[in-house]
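Engineer: sequence first, then the predicted structure:
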Amino acid sequence: MTTKSRIGFIGLGMMGLPMARNLLSAGYALTVYNRSPEKAAALTAAGAQWVENPWQTAEPGGIVISCVADDTALEGVVLSDRNLAQQLGTNGIHISMSTILPATAEQLARDQQRFGGDYVAAPVMGRPDVVQARKQSYFIAGSEGAKARIRPILDELGARVFDFGANPAAANTAKLAANFLIAAAIEAMAEAFVFAAKNGADPGALLSALGSTLFACPIYQNYGRAILEKSYTQPLFKMPLGLKDMRLVARTASESHTPMRIARLLEDRFLAAMAHGKAGLDWTGIAAEVAEEAGLTGAAIASK
């Protein structure tokens, strides 16, 4: 396979690692960094270059992708021993795939521009299994030139790209709105299934009926099945990340004077689940919290 241009890649977690693997298999040369070096072993065996510091992933005028857990981790990456934006320099591009505050994206974009480069927000829509299969979507925002330059990379990695304009913050706003809608759907399904179970209706039959008619979409079909089958014990998106995202939604809503009552409810729901020892569950595990609040065990949701 002909080697394509070299890309820096920071963050080899549940989302980053499969994307890095897919870039390697597509013929890109990779320079990788992760706080836990052992996670890079399979990549280095396949030809990736390991570096000891985040800034070392950057080549002047090159492209670096970061995919880390939160704002603090991203700021630590960008502002580590040497500034990543400065290392990328003129025409360099930082693609941030993390779910972060819009305000953080704006700040990092200004920093990148200060050194003549571009920052493109490209948060990922899809869980690790979807990412591995290259079926995820990206919400992107940044300068037109930078978006055009990175588009072949995103097309190689995933299925669809949705453009939210020139301001990187807009992509992160859209991603938070999307995660809010998913969390609200999880909460609504959990409450509906518990309501059905406590009042003589079969939640599985309810999901089958609605998942093929009124709510015939992946969120209700897949997450509904996860709730009924209690597969939230095998997390693909852990509870603390759900809490983190709802806190980001609530904070951004407060700063923009946007009332979001359901977001506050969801923040409290995730917080209660964490307080009750469910931190190791998938975020669909809030269904267990809903069931317990109604006097049912998690196993009793599917059949009263």
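Structural biologist: Yep, it's here. Residues are numbered from 1 along each chain as shown.

Engineer: if I pick residue 219, what's in contact with it?
Structural biologist: For residue 219, the contact set (C-beta atoms under 8 Å, 6 or more residues apart in numbering) comprises 181-182, 185. For every residue, glycine as well, the C-beta is placed using N, CA and C.

Engineer: buried members of the residues you listed into ChimeraX, please.
Structural biologist: Buried subset of these, written as a ChimeraX selection, criterion 16 or more other C-beta atoms under 10 Å:
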select :182,185
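
Engineer: mean confidence score for stretch 265-276?
Structural biologist: If you average the pLDDT over stretch 265-276, you get 98.

Engineer: what sits up against it?
Structural biologist: For stretch 265-276, using C-beta under 8 Å, 6+ apart, the contacting residues are 180, 183-184, 187, 239-240, 242-243, 246-247, 249-250, 279, 281, 283, 285-286, 288-290, 292.

Engineer: ok, now with 6 Å
Structural biologist: Contacts to stretch 265-276, defined as C-beta atoms under 6 Å, 6 or more residues apart in numbering, come from residues 183, 239, 242-243, 246-247, 250, 286, 289.

Engineer: distance to residue 191 and secondary structure for those residues - can I get that in TSV?
Structural biologist: Listed next are those as TSV, based on distance: C-beta to C-beta, whole Å; DSSP: H, G, I helix; E, B strand; the rest coil:
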residue	distance to residue 191	secondary structure
183	13	helix
239	18	helix
242	16	helix
243	19	helix
246	16	helix
247	21	helix
250	20	helix
286	10	helix
289	11	helix
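
Engineer: could you identify the most distant pair in those residues?
Structural biologist: 250 and 289 (18.2 Å; C-beta to C-beta).

Engineer: and these two? Which one has more around it.
Structural biologist: A direct count of neighbours by other C-beta atoms under 10 Å for residue 250 and residue 289 places residue 289 higher, at 22 against 19.

Engineer: which residues touch the more buried one?
Structural biologist: Counted by C-beta under 6 Å, 6+ apart, residue 289 has contacts 272-273.

Engineer: would you mind giving me the confidence score for it?
Structural biologist: According to the prediction, residue 289 has pLDDT 96.

Engineer: return the set of buried residues in stretch 82-95.
Structural biologist: Quick answer for stretch 82-95 (16+ other C-beta under 10 Å): 83-89, 92-95.

Engineer: buried residues in stretch 278-296, which are they?
Structural biologist: Neighbour counts over stretch 278-296 (16+ other C-beta under 10 Å) mark 278, 281-292, 296 as buried.

Engineer: ends of it, how far apart?
Structural biologist: 16 Å (C-alpha to C-alpha, to the nearest Å).

Engineer: again with stretch 253-265
Structural biologist: First-to-last residue span, stretch 253-265, C-alpha to C-alpha: 14 Å.

Engineer: what's across from residue 63 in the sheet?
Structural biologist: For residue 63, the beta-bridge partners under DSSP bridges are residue 7, residue 93.

Engineer: ignore the last one, residue 140
Structural biologist: Beta-bridge pairing for residue 140 (DSSP bridges): residue 163.

Engineer: all strands for the stretch 101-250 of the chain, in order.
Structural biologist: For the stretch 101-250 of the chain, the strands defined by DSSP state E, counting those that start in this stretch cover 118-121, 124-125, 137-140, 160-163.

Engineer: could those go into CSV alongside mean pLDDT, distance to residue 196 and mean neighbour count?
Structural biologist: Output for the strands of the stretch 101-250 of the chain, formatted as CSV (pLDDT from 0 to 100; distance: least, C-beta to C-beta, whole Å; neighbours: other C-beta atoms under 10 Å):
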stretch, mean pLDDT, distance to residue 196, mean neighbour count
strand 118-121, 98, 40, 27
strand 124-125, 98, 29, 22
strand 137-140, 98, 32, 23
strand 160-163, 98, 34, 14
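
Engineer: got these as a markdown table, with distance to residue 64 columns?
Structural biologist: Output for the strands of the stretch 101-250 of the chain, formatted as a markdown table (distance: least, C-beta to C-beta, whole Å):
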| stretch | distance to residue 64 |
| --- | --- |
| strand 118-121 | 10 |
| strand 124-125 | 16 |
| strand 137-140 | 15 |
| strand 160-163 | 19 |
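
Engineer: check contacts around the residue nearest to residue 108 when sequence neighbours are not counted.
Structural biologist: Among residues not flanking residue 108 along the chain, residue 119 sits closest, at 5.4 Å (C-beta to C-beta, 6 or more residues apart in numbering). Residues near residue 119 by C-beta under 6 Å, 6+ apart: 94, 108-109, 112, 168.

Engineer: of these, closest to residue 79?
Structural biologist: Distances from residue 79 to the contacts of residue 119, taken by C-beta to C-beta, are shortest for residue 108, at 9.4 Å.

Engineer: coming back round to it: and which of the contacts of stretch 265-276 is nearest to residue 200?
Structural biologist: Proximity of the contacts of stretch 265-276 to residue 200, judged by C-beta to C-beta, is greatest for residue 289, which lies at 22.8 Å.

Engineer: that's all I had, so thanks and see you.
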